[in-house]
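Asker: I would like to see how this sequence folds:
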Amino acid sequence: MTRQLTGTATLLRFALRRDRVLIPVWVAVNALMVLSMPKTLQGLYGTPAARADLMHQMATNTSLRAMVGPVFGDSLGALTAWRVGVYAGALAAVTSLLVVVRHTRDEEESGRQELVSSGMVGRRAPLTAALLTAAVANAALCALLVAGLAGQGAPGALAFGLGVAGVGMVFATMAAVVAQLTESARLARGLTAAVLGAAFVLRAAGDSASDGGTGGGSSVLTWLSPLGWLEDLRAFAAERWWVLLLFAAAAALQAAVAYGLAGRRDIGMSFLPTRPGPAAGRLGTAGALAWRLQRGSVLGWSIGFFLAGVVYGGMTDGAAELVGDNAKAREIFQRMGGRSGPTDAFLAAMVGMLGLVAALYVVSSVLRLSGEETSGRAEPVLAAAVGRLRWAAGHLVIAFGGSALLMLLTGLGFAVGYGRQVGPVLGACLLQVAAVWVIGGVAVLLFGVLPRGAVAAWGVAGAVLLIGWIGPALNAPRAVLDLSPFGHLPKLPGGGMEWGPVGVLLGLAAVLVAGGLAGVRRRDLAG
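Answerer: As a prediction, the model looks like this:
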């Protein structure tokens, strides 16, 4: 067994060096999101009466429980765990699955793993290094959360930090299993993300079905979700330390399965091989090939955004009622969604948040070009009668057109869930596309001009997400908020339409894309 782990330390150092941008950015975004909450919540619910009113409303408002979970205590620590715990766990899960798939299936798909394995590298060393890289990321996040929340209570901070890291490791080992089953890194990421989405839905359904009280029990559905385990750990509210055993058992079991599967297949192979097919008919053009490669991703994101629109639309009335009862909360939502009524402000804020998430999709889709290039699959395509611009354009149509489709489906989801102001809400959703395309343009520019640094596009998307999510809550200066393209969009519904900033954003996106395509046309292909 020791020989099968030969080279793990070297591979771990190499993985950490490759992720020296990705991991710090995502860990910092997650930590700042959590650590900004106590101060914000102190301003929102600074009196015992305000906290008692919040707990009463959460106990009776099923839609809000589905969104953020039940409240188990009225301390600032407990409110922090309630407000951002689920989202911190989900973000840790996303970071972990990206890291593990990148250093396992991505390496095999590109052919680099075969080259590495020809040296003094054990059979299970790459998998071990990938899991250890994810463990380092989650340990760093845990340390930051514990240190930052220790002032709210050391035991609660430790429980919360370990719980968030536990969610991350559960999905890291799950990604390791899926990477053995599938032949495509893209499919491995998609399937693991789909499980994360299912975990969020199970948690939401379970929380809405429970009574929401501090002494109430959790639904069976909540216990079926790792995100539900994080809630039921009850950090800062009579911690249930034994829940940590669930994270440890799930991670250990999945890691054992991944190790068992890794020892029973050849490099580059999988237990669920991809069905081959001729590049003819519907695959006869570069655009058709790009659609074939990305259609699964587009379908998954589309379903997720439509359901998100339905869910947020259905909880609009209850959330607006809670916001309207709290002057500080109303002020924050006005900074996020404009100075209109509480309902319009909530709708505008949620539409803006989903626009920020759509920026992650467009970065992922654009960087598919980088994956095709570095894996060597782009070279035979370009060796035929296909120019570089046609090849890139095929993927960019999917990226930019797909982001517009996501926001259209979001608006339709709000129409189903909310049922009112269909036109204004749909228009507000489509308005986000201008800012999303700017982020996509940055990704195209980085890919075209600095192909080795294209991964930095994730850092840009993470920074924009951080500004949009935390900036209004912290009452950040206007200069900081303006660093995000989303900060220049009109606050709809409820606000006045301004076409000038939208036109500037669309023009900027066009310039960025043109610069990136010029770089693609002039530079050599990456090896």
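Asker: where in the stretch 201-350 of the chain is pLDDT low?
Answerer: Scanning the stretch 201-350 of the chain with the threshold set as pLDDT under 70 gives 209-218, 266, 268-284, 317-341.
Asker: Give me the next element, helix or strand, following whatever helix or strand residue 345 lives in.
Answerer: Taking DSSP states H and E as the definition, residue 345 sits inside helix 342-366. Per DSSP H and E, the first helix or strand lying C-terminal to helix 342-366 is helix 368-374.
Asker: Give me the helices and strands touching the helix or strand just after that next one, please.
Answerer: Elements were assigned by DSSP H and E; along the chain past helix 368-374, the next helix or strand is helix 378-383. Identification of packing neighbours for helix 378-383 by 3 or more CB pairs under 8 Å, 6 or more residues apart in numbering; DSSP states H and E yields helix 368-374, helix 388-417. All C-beta spots, glycine's among them, are computed from the backbone N, C-alpha and C.
Asker: Looking at the ones you listed, which is nearest to residue 343?
Answerer: With respect to residue 343, and counting by CB to CB, the nearest of these is helix 388-417 at 12.0 Å.
Asker: re the thing from before, gap between the helix holding residue 345 and the chain center?
Answerer: 12 Å (CA atoms, centre = their mean, to the nearest Å).
Asker: tilt between it and helix 388-417?
Answerer: If you take axes from the mean of the first three to the mean of the last three CA atoms, to 10 degrees, helix 342-366 sits at 150 degrees to helix 388-417.
Asker: that older thread, same list, the helices and strands packed on helix 378-383, but as CSV with distance to residue 174 please.
Answerer: Formatted as CSV, the helices and strands packed on helix 378-383 follow (distance: least, CB to CB, whole Å):
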stretch, distance to residue 174
helix 368-374, 21
helix 388-417, 25
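Asker: Same list (those) but as JSON lines, adding mean neighbour count and distance to residue 509.
Answerer: What follows is the helices and strands packed on helix 378-383, written out as JSON lines (neighbours: other CB atoms under 10 Å; distance: least, CB to CB, whole Å):
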{"stretch": "helix 368-374", "mean neighbour count": "21", "distance to residue 509": "17"}
{"stretch": "helix 388-417", "mean neighbour count": "21", "distance to residue 509": "8"}
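Asker: Pick out the shakiest of those, pLDDT-wise.
Answerer: Among the helices and strands packed on helix 378-383, helix 368-374 carries the lowest mean pLDDT, at a mean of 83.
Asker: Now tell me what touches that helix from outside.
Answerer: Identification of contacts with helix 368-374 by CB atoms under 8 Å, 6 or more residues apart in numbering yields 106, 110, 185-186, 290, 293-294, 378, 381, 392, 395-396, 399, 447, 451, 454-455, 525-527.
Asker: and it, how far from the chain's centre?
Answerer: Worked out by CA atoms, centre = their mean, helix 368-374 lies 21 Å from the chain centre.
Asker: closest to residue 361 out of the helices and strands packed on helix 378-383?
Answerer: helix 388-417 (5.9 Å).
Asker: After that closest one, which helix or strand is next? Please name it.
Answerer: Counting by DSSP H and E, the next helix or strand C-terminal to helix 388-417 is helix 422-449.
Asker: the inter-axis angle of that following helix versus helix 342-366?
Answerer: On the basis of the same axes, to 10 degrees, helix 422-449 is oriented at 30 degrees to helix 342-366.
Asker: Which residues outside the helix or strand that helix 422-449 is followed by are in contact with it?
Answerer: Downstream of helix 422-449, the next assigned helix or strand under DSSP H and E is helix 456-470. Contact with helix 456-470 is made by 21-22, 25-26, 28-29, 32-33, 36, 352-353, 356-357, 359-360, 363, 366-367, 439, 442-443, 446-447, 450, 476, 480-481, 483-487, as judged by CB under 8 Å, 6+ apart.
Asker: Same question for stretch 516-527.
Answerer: So stretch 516-527 is contacted by 370, 373-374, 378-379, 382, 388-389, 392-393, 441, 443-449, 451-452 (CB under 8 Å, 6+ apart).
Asker: again with stretch 3-23
Answerer: Taking CB under 8 Å, 6+ apart as the rule, stretch 3-23 contacts 95, 98-99, 102-103, 116, 119-126, 128-130, 132-133, 136-137, 140, 263, 455-456, 458-459.
Asker: Which of those residues fall within helices?
Answerer: Among these, the members falling in helices (DSSP state H) are 95, 98-99, 102-103, 116, 125-126, 128-130, 132-133, 136-137, 140, 456, 458-459.
Asker: Out of those, which end up buried?
Answerer: When neighbours are counted using 16 or more other CB atoms under 10 Å, the ones in helices among the contacts of stretch 3-23 contain these buried positions: 95, 98-99, 102-103, 116, 125-126, 128-130, 132-133, 136-137, 140, 456, 458-459.
Asker: contacting residues around residue 160?
Answerer: Residue 160 makes contact with 77, 80-81, 85, 145-146, 149, 233, 235-236, according to CB under 8 Å, 6+ apart.
Asker: Look up how far residue 145 lies from it.
Answerer: 6 Å (CB to CB, to the nearest Å).
Asker: And residue 111, by the same measure?
Answerer: Using CB to CB, residue 111 is found at 38 Å from residue 145.
Asker: Next, the buried residues of stretch 302-314.
Answerer: Neighbour-count burial for stretch 302-314 flags 302, 304-314 (criterion: 16+ other CB under 10 Å).
Asker: quick one: average pLDDT of stretch 432-447?
Answerer: Stretch 432-447 shows a mean pLDDT of 94.
Asker: so how far is that stretch from its chain's centroid?
Answerer: Using CA atoms, centre = their mean, the offset of stretch 432-447 from its chain centre is 17 Å.
Asker: cool, stretch 166-178 as well?
Answerer: That offset, for stretch 166-178, works out to 15 Å (CA atoms, centre = their mean).
Asker: now could you export just the CA positions of it as PDB?
Answerer: The C-alpha coordinates for stretch 166-178 follow below in PDB (Å, rounded to 0.1, in the frame of the first residue of the first chain):
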ATOM      1  CA  GLY A 166     -17.100  18.700   6.900                       C
ATOM      2  CA  VAL A 167     -19.500  19.600   4.200                       C
ATOM      3  CA  GLY A 168     -16.600  20.400   1.900                       C
ATOM      4  CA  MET A 169     -14.900  17.100   2.600                       C
ATOM      5  CA  VAL A 170     -18.100  15.100   2.000                       C
ATOM      6  CA  PHE A 171     -18.400  16.600  -1.500                       C
ATOM      7  CA  ALA A 172     -14.600  16.300  -2.100                       C
ATOM      8  CA  THR A 173     -14.800  12.500  -1.500                       C
ATOM      9  CA  MET A 174     -18.100  12.400  -3.500                       C
ATOM     10  CA  ALA A 175     -16.300  14.100  -6.400                       C
ATOM     11  CA  ALA A 176     -13.500  11.500  -6.100                       C
ATOM     12  CA  VAL A 177     -16.000   8.700  -6.500                       C
ATOM     13  CA  VAL A 178     -17.700  10.300  -9.500                       C
END
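Asker: What is the helix holding residue 345 packed up against?
Answerer: Using 3+ CB pairs under 8 Å, 6+ apart: helix 342-366 touches helix 286-314, helix 316-324, helix 327-337, helix 388-417, helix 422-449, helix 456-470.
Asker: mind listing the helices for the stretch 151-300 of the chain?
Answerer: Taking DSSP state H, counting those that start in this stretch to define them, one finds helices in the stretch 151-300 of the chain at 154-181, 185-209, 220-223, 226-232, 244-262, 286-314.
Asker: Can you get me a residue count around residue 20?
Answerer: Other residues within reach of residue 20, judged by other CB atoms under 10 Å, total 10.
Asker: Please disregard the earlier target; I meant residue 186.
Answerer: 19.
Asker: what does residue 154 give?
Answerer: For residue 154, the neighbour count with other CB under 10 Å is 11.
Asker: out of everything not next to it in sequence, what's closest to it?
Answerer: Among residues not flanking residue 154 along the chain, residue 146 sits closest, at 8.0 Å (CB to CB, 6 or more residues apart in numbering).
Asker: and the residue of the chain most remote from its centre, what does it touch?
Answerer: What lies farthest from the middle of the chain is residue 385; by CA atoms, centre = their mean that is 37.3 Å. Listed by CB under 8 Å, 6+ apart, the contact set of residue 385 is empty.
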